[in-house]
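**Q** Mind folding the following:
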Amino acid sequence: MIDSDGGSGGLYLGIEIGGTKLQVFVGDEKAGVLERHRFQVEPSQGGAGIRTQLEKIIPTLASHVRPKAVGVGFGGPVDWKTGRICRSHQIEGWSEFPLASWLSSLADAPVVVDNDANLGALGEAVCGAGVGFKPVFYVTLGSGVGGGLVLDGKVYHGATPGESEIGHIRLDRSGTLLESRCSGWAVDARIRSLVARERDSVLARNVGSARAHEAKFLAAALAQNDPLAAGILKETADDLAFGLSHVAHLFHPAIIVLGGGLSLIGEPLRAAVEQALPGFLMEAFAPGPVIALARLAEDSVPVGALCLALSRQIP
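**A** Residues are numbered from 1 along each chain as shown. Just a heads-up that it's a prediction; the model follows:
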């Protein structure tokens, strides 16, 4: 077993609990990743299914890791002061669950919990695309849409529960949420609907018989100049830029980092958001914040969780 007081200088666990994936990282005292473990989440099994996965992997790691602390990024609102989950918007069975105390018993280590987008922001600010910028705003485009603001290396919480729920910004007075337009699940659903009507498009041929995660086929279709893919990208980028304009007006971030699974579309998405955003900003804020892709890609949240475990940012 590698002891936390051994020559490594201490080991830490960084965990991401999302709507589609569970990630558990082992890291060192500089948030360097030593081990990665990734599991798919089955929504139908609810929070209990994810806890069962953790009950299997944590004891396995305990055979060679004794963590000094554990950081967790959870996909939904949490009381970051106590580590109690408020709820998940994607997975049932998490409401009011005492995640920090439960996991602390399982890992035999102190546990600190925060919203996943907050920790994505922390990971990118400390170790990723946001290094050298402040403030750093991060938006995660995954099963949901979340945001996080980091200033001087610390997550800005405000009042409890303390996350920047940009996904719940209304795009109109009828109640259309940014999340209902720009999450990975929302874009998947839009692609399913459109390719069913435009079966001769490049995107439809790329998607084929797939019935999940259709957004992963967008990048290839865009590279082939598919008009259907280009239209979906423009709609998504315009909606996202409109939502981010509120962030720019209120918090004046030096950089906005695009993360989450949908950000893996890459440069076409970044460039489209960069082009659309100035049209929603008052002239005084021109040209607006830098728009960047998450440098840590899908590691942003678990690396941020490692950073949180290292700092043990608790009240």
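**Q** pLDDT score for residue 160?
**A** Confidence at residue 160, expressed as pLDDT, is 78.
**Q** if I pick it, what's in contact with it?
**A** Residues in contact with residue 160 (Cβ atoms under 8 Å, 6 or more residues apart in numbering) are 79, 80, 81. C-betas here are computed from N, CA, C, even on glycine.
**Q** and the residues you listed, which are buried?
**A** Members of the contacts of residue 160 that pass the buried threshold by neighbour count (16 or more other Cβ atoms under 10 Å) are listed as 79, 80.
**Q** I'd assumed residue 206 was in a helix, is it?
**A** Yes: looking at residue 206 with DSSP: H, G, I helix; E, B strand; the rest coil, it is inside a helix.
**Q** mind checking how far it is from residue 247?
**A** The gap separating residue 206 from residue 247 is 32 Å, by Cβ to Cβ, to the nearest Å.
**Q** and of the contacts of residue 160, the nearest to residue 174?
**A** Closest approach between the contacts of residue 160 and residue 174, by Cβ to Cβ: residue 79, at 31.2 Å.
**Q** Please tell me I have it right and that closest one contacts residue 95.
**A** No: taking contacts as Cβ atoms under 8 Å, residue 79 lies outside contact range of residue 95: 12.0 Å.
**Q** For the stretch 201-315 of the chain, just list every one of the helices.
**A** 202-207, 218-223, 227-251, 267-276, 300-311 (DSSP state H, counting those that start in this stretch).
**Q** Deepest-packed of the ones you listed, please.
**A** helix 300-311 (a mean of 30; mean count of other Cβ atoms under 10 Å).
**Q** could you say what helices and strands that one packs with?
**A** Helices and strands in packing contact with helix 300-311 are listed as strand 12-17, strand 21-27, strand 33-40, strand 69-74, strand 111-115, helix 116-127, strand 136-141; criterion 3 or more Cβ pairs under 8 Å, 6 or more residues apart in numbering; DSSP states H and E.
**Q** what angle separates that helix from strand 136-141?
**A** Here helix 300-311 runs at an angle of 140 degrees relative to strand 136-141 (axes from the mean of the first three to the mean of the last three Cα atoms, to 10 degrees).
**Q** Show the contacting residues for the closest residue to residue 12 other than its chain neighbours.
**A** Ranked by Cβ to Cβ, 6 or more residues apart in numbering and with sequence neighbours excluded, the top spatial neighbour of residue 12 is residue 309, at 4.3 Å. Residues near residue 309 by Cβ under 8 Å, 6+ apart: 12, 13, 14, 27, 67, 68, 69, 70, 71, 112.
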